[in-house]
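Chemist: Need a 3D model of the sequence below.
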Amino acid sequence: MNVNQLAENIRQWGRELGFQHIGITDVDLSQHEALLQKWLDNGYHGEMDWMARHGMMRARPQELVEGTVRVISARMNYLPPDAGFAQTLADPSLAYISRYALGRDYHKLIRNRLKKLGERIEAEVGKYGYRPFVDSAPVLERPLAEKAGLGWTGKHSLLLSEDAGSWFFLGELLIDLPLPVDPPAQDKCGKCVACMTSCPTGAIVGETVVDARRCISYLTIELDGIIPEEFREAMGNRIYGCDDCQLVCPYNRAAELTQETDFHSRESLAQQPLTVLFSWDENTFLKHTEGSAIRRIGHEKWRRNLSVAMGNAPYDPEIIAQLEAAKGSSVTLDEHIEWAIRKQRQRRQDMAIEVLPSSTKRLVRIIQKGLSRDA
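Modeler: Residues are numbered from 1 along each chain as shown. Below is the predicted model:
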């Protein structure tokens with residue numbers, strides 16, 4: 001078997017299966033173990049106990065699948081045409097959903113393509129050991145992808161590529177074939193810190209280090225229960241995930257568009273009014289999120305996140321009416337609904353004060369400040 005030719009064939013087969021970049025690396029991630037342990041020791045994983053439960057196995061693919069000597073890392077772009085990021089964020093009455101989640105759930109699609117790649121290799125070389133993964137195992141996929149030459153780790157901790165920015169998914173095929181490895185990618189962020197300074201909640205606490213407990217993606221997706229009040233206003237209208245650190249990245253300005261129509265935005269989710277999405281009962285939620293990554297958070301967390309966004313929206317009597325009508329389904333949801341109602345009423349009060357003469361307005365503000373201090 002000519003391993004060099006096989007590696008080249010694998011890249012070609014990967015492209016035929018819809019991957020934009022295929023890279024090959026060894027399994028040595030020992031240099032990442034201390035950083036991973038420090039991140040865990042700092043509690044940056046929040047309630048994601050499974051991150052700590054698997055410990056250093058994440059940095060040891062050979063322990064995950066016995067016999068593994070190489071990892072084929074694959075990239076698939078997901079940026080659709082007419083993504084409409086800025087206009088959704090700019091209108092606080094609309095719900096902002098992270099770009100990756102507006103289309104079909106990528107996990108199954110990419111895993112099936114990786115399985116086909118594994119089968120194509122088997123047809124060429126005969127029986128061998130392989131196993132595909134897409135966020136389905138404790139493995140450090142970004143360090144592996146970086147070693148395989150797919151990109152470098154940006155200061156926001158996401159993988160970056162010159163031609164695709166960070167708008168892509170990753171998947172891995174663990175194999176027991178000693179293929180030649182690709183050179184790692186070189187860091188090209190330079191002195192740019194746009195992603196770090198743009199994070200609404202200050203979650204990027206160091207270069208490539210994210211405190212998940214402060215990250216809006218974690219707060220809206222991974223966190224069960226009550227969202228800390230200190231982060232709610234900063235969440236704005238982001239109801240599922242957050243793309244801010246990606247939106248400001250210079251490498252994302254000319255990123256390649258996806259060739260997969262499954263990743264195009266669903267009309268029922270993209271740029272929808274908060275009140276429309278909040279009005280969905282559980283059956284409607286399940287119907288509109290079928291085949292979507294969003295479904296896994298469930299209807300209650302969906303409404304919890306929407307409640308926070310509605311509290312941050314401009315005053316709207318319909319919002320208050322919807323929130324009032326939704327009270328009583330759970331203690332957790334009620335906590336966010338009550339907060340949102342208070343914010344909406346405060347906004348209505350502020351609007352009433354704004355139309356007063358300047359002298360009266362100043363007097364009201366002084367009284368409000370005094371009442372607030374006494375409280």
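
Chemist: Ile239 reaches Arg304, doesn't it?
Modeler: No: shown here, Ile239 and Arg304 do not form a contact pair, counting by Cβ atoms under 8 Å, at 9.3 Å. Yep, even glycine has a C-beta here, placed from its N, CA and C like the rest.

Chemist: Compare these two and say which is more crowded by neighbours.
Modeler: Ile239 (30 against 25; other Cβ atoms under 10 Å).

Chemist: Provide the secondary structure category for that one.
Modeler: strand (DSSP: H, G, I helix; E, B strand; the rest coil).

Chemist: can you tell me which residues contact it?
Modeler: 95-97, 220, 274, 277, 302, 305-306, 308-309 (Cβ atoms under 8 Å, 6 or more residues apart in numbering).

Chemist: any idea which of the residues you listed is closest to Gln20?
Modeler: Relative to Gln20, the closest of those is Ile97; by Cβ to Cβ it sits at 23.5 Å.

Chemist: Verify the stated contact: that closest one with Asn237.
Modeler: No: contact criterion Cβ under 8 Å: Ile97 and Asn237 do not qualify, at 9.8 Å.

Chemist: of those two, who's got more company?
Modeler: Ile97 (28 against 22).

Chemist: Of the contacts of Ile239, which belong to helices?
Modeler: 274, 277, 302, 305-306, 308-309 (DSSP state H).

Chemist: okay, among these, which ones form the most distant pair?
Modeler: Longest span within those, Cβ to Cβ: Leu277 and Val308, 12.7 Å.

Chemist: Tell me which residues touch Tyr44, please.
Modeler: 205, 209-213 are the contacts of Tyr44 under Cβ under 8 Å, 6+ apart.

Chemist: if we can go back for a sec, please identify which of Leu277 and Val308 sits among more neighbours.
Modeler: Higher neighbour count among Leu277 and Val308: Val308, with 27 against 24, using other Cβ under 10 Å.

Chemist: Could you count how many residues lie near the closest residue to the more buried one other than its chain neighbours?
Modeler: Leaving aside its sequence neighbours, Val308 sits nearest to Arg232 (Cβ to Cβ, 6 or more residues apart in numbering; 5.0 Å). Residues near Arg232, counting by other Cβ under 10 Å, number 20.

Chemist: Arg232 should be in a helix, yeah?
Modeler: Yes: counting by three-state DSSP, Arg232 falls inside a helix.

Chemist: what comes up buried for the longest helix anywhere in the chain?
Modeler: Ordering each helix of the chain by length in residues (DSSP H) puts helix 331-354 first. For helix 331-354, the neighbour count (16 or more other Cβ atoms under 10 Å) marks 332-337, 339-341, 343-344, 347 as buried.
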